[in-house]
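>>> Sharing a model prediction with you, sequence too.
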Amino acid sequence: MTVSFWTICRSFRVFLVVLATLVSVAPARANMVPLKIALQWQVQSQFAGFYMALEQGYFQEAGLDVTLIHAGVKRPTAAMLADGSVQAGTMMLADAMVADLPVVLLLQLVQHSNLALVAWKGMGIEKPSDLNGQRVSLWKDSFSLAIDAFFLAHDLKPEILPQYRSIELFLQHGVAAASVMRYSPGNKIRRLSRKEEKFSSFPVP
């Protein structure tokens, strides 16, 4: 199935936060206002809207001289905001809520989470309650906060293992379930699932 560029742009949950002092800046000033924006992960299609806005001159029309900087695990958006390296950035809402920073939510681009849990049907997991007592690999920080809430809502107590950038441990049956984003490893799993129907998927709100 072909997915349009604009569908991709709308498919990701990113949250733009700015320091409170930035909000008062008037975009119509004669001189361009420098603005550094941290994007919370490596180059990916989830940031396509930002790339296109820069390329098409939309930021410039608003009086902003924008520089896009990619954050990551070692230096997340919150750290860049804290040390003044950037004036704005994308973050998971949970990160922004717990950050000890004078930030405000400026824009929520997508209304639904792309976070999900995938599990092996062959290990007997077809509904959330089947995860109880199973080995599950999870990302940390804001990702795990949402999944912890999912477990609490379903009264689940799985055995949690740390998950890093790869889902290889899951693919090798080292864990019964793993956390994914639907547009990244989740997309790979969906392609495999179409062939063999091996996976269960549980959206995490």
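Perfect, thanks for sending it. Everything numeric in this text was worked out from a predicted model, so none of it was measured.

>>> hey, let's count contacts and neighbours off CA atoms from now on
Fine.

>>> What ranges does this protein have for its strands?
Assigned by DSSP state E, the chain shows strands spanning 15-19, 33-39, 64-70, 88-91, 103-108, 115-120, 135-138, 159-162, 177-181, 199-203.

>>> Those: which one's closest to residue 80?
Closest to residue 80 of these is strand 33-39 (Cα to Cα; 7.4 Å).

>>> Taking their axis directions, the closest one and strand 64-70 sit at what angle?
Put simply, strand 33-39 runs at 20 degrees to strand 64-70, going by axes from the mean of the first three to the mean of the last three Cα atoms, to 10 degrees.

>>> So for strand 33-39, what gets flagged as buried?
Residues 33, 35-39 are the ones in strand 33-39 that count as buried (16 or more other Cα atoms under 10 Å).

>>> for that strand, what is the average pLDDT?
Mean per-residue pLDDT for strand 33-39: 96.

>>> Show me what that strand is in contact with.
27, 47, 63-71, 77, 80, 85-91 (Cα atoms under 8 Å, 6 or more residues apart in numbering).

>>> Pass me the low-pLDDT residue ranges in this structure, would you?
1-30, 141-142, 184-197 (pLDDT under 70).

>>> For burial, what's the neighbour tally of the nearest residue to residue 138 once chain neighbours are set aside?
Excluding the flanking residues, the one nearest residue 138 by Cα to Cα, 6 or more residues apart in numbering is residue 163, at 4.8 Å. Residue 163 has 18 neighbouring residues, counting by other Cα atoms under 10 Å.

>>> ok, residue 163 touching residue 144?
No: taking Cα atoms under 8 Å as the definition, residue 163 is not a contact partner of residue 144, at 10.2 Å.

>>> what is in contact with the two at once?
In contact with both residue 163 and residue 144: residue 138, using Cα under 8 Å, 6+ apart.

>>> What distance do you get for residue 83 to residue 100?
Plainly put, residue 83 is 12 Å away from residue 100 if you go by Cα to Cα, to the nearest Å.
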